[in-house]
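Chemist: What follows is a protein structure lacking sequence information:
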């Protein structure tokens with residue numbers, strides 16, 4: 001696994017201690033937050049964010065942002081994925 005720049009967790013009143021929901025949907029807001037800091041210069045930046053730990057539910061997301069100093073921000077979110085389940089349904093005719 002690549003070395004990460006950030007470790008992320010989602011927390012909230014309806015999220016239990018042993019739940020660890022995916023963080024991908026929060027990456028757009030997190031990237032905007034990063035761009036709001038003056039130490040992030042304009043240009044293309046790549047960051048690695050991990051969730052979980054090495055032994056349980058580890059996931060790694062890569063974000064790439066094109067910071068142009070404008071209100072609009074272009075980002076790309078990606079990372080490895082594995083199938084965790086499969087299923088089928090047999091419906092009567």
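Modeler: Here it is on my side, so go on. Note that the structure is a prediction, hence the values are computed from the model and not measured.
Chemist: Confirm that residue 30 sits in a strand.
Modeler: No - under DSSP: H, G, I helix; E, B strand; the rest coil, residue 30 falls outside any strand and is assigned helix.
Chemist: shouldn't it be in contact with residue 9?
Modeler: No - checked against CB atoms under 8 Å, the pair residue 30 and residue 9 is beyond contact range at 11.9 Å. Just so you know, the C-beta spots here come from the backbone N, C-alpha and C atoms, and that holds for glycine as well.
Chemist: out of the two, which sits in the busier spot?
Modeler: A direct count of neighbours by other CB atoms under 10 Å for residue 30 and residue 9 places residue 30 higher, at 18 against 10.
Chemist: any idea how far residue 70 is from that one?
Modeler: According to CB to CB, to the nearest Å, residue 30 stands 18 Å off from residue 70.
Chemist: And residue 37, by the same measure?
Modeler: Here residue 37 is placed at a distance of 16 Å from residue 70 (CB to CB).
Chemist: who's more crowded, these two?
Modeler: Between residue 37 and residue 70, residue 70 has the larger neighbour count (other CB under 10 Å), namely 10 against 7.
Chemist: Can I take it that the more buried one is in a helix?
Modeler: No - counting by three-state DSSP, residue 70 falls outside a helix, being coil.
Chemist: Give me the pLDDT for the spatially most central residue of the chain.
Modeler: By CA atoms, centre = their mean, the chain has its centre lying nearest to residue 24, at 3.6 Å. In this model, residue 24 is scored at 70, pLDDT.
Chemist: can I assume it is in contact with residue 60?
Modeler: No - using CB under 8 Å as the test, residue 24 is too far from residue 60 to be in contact (11.0 Å).
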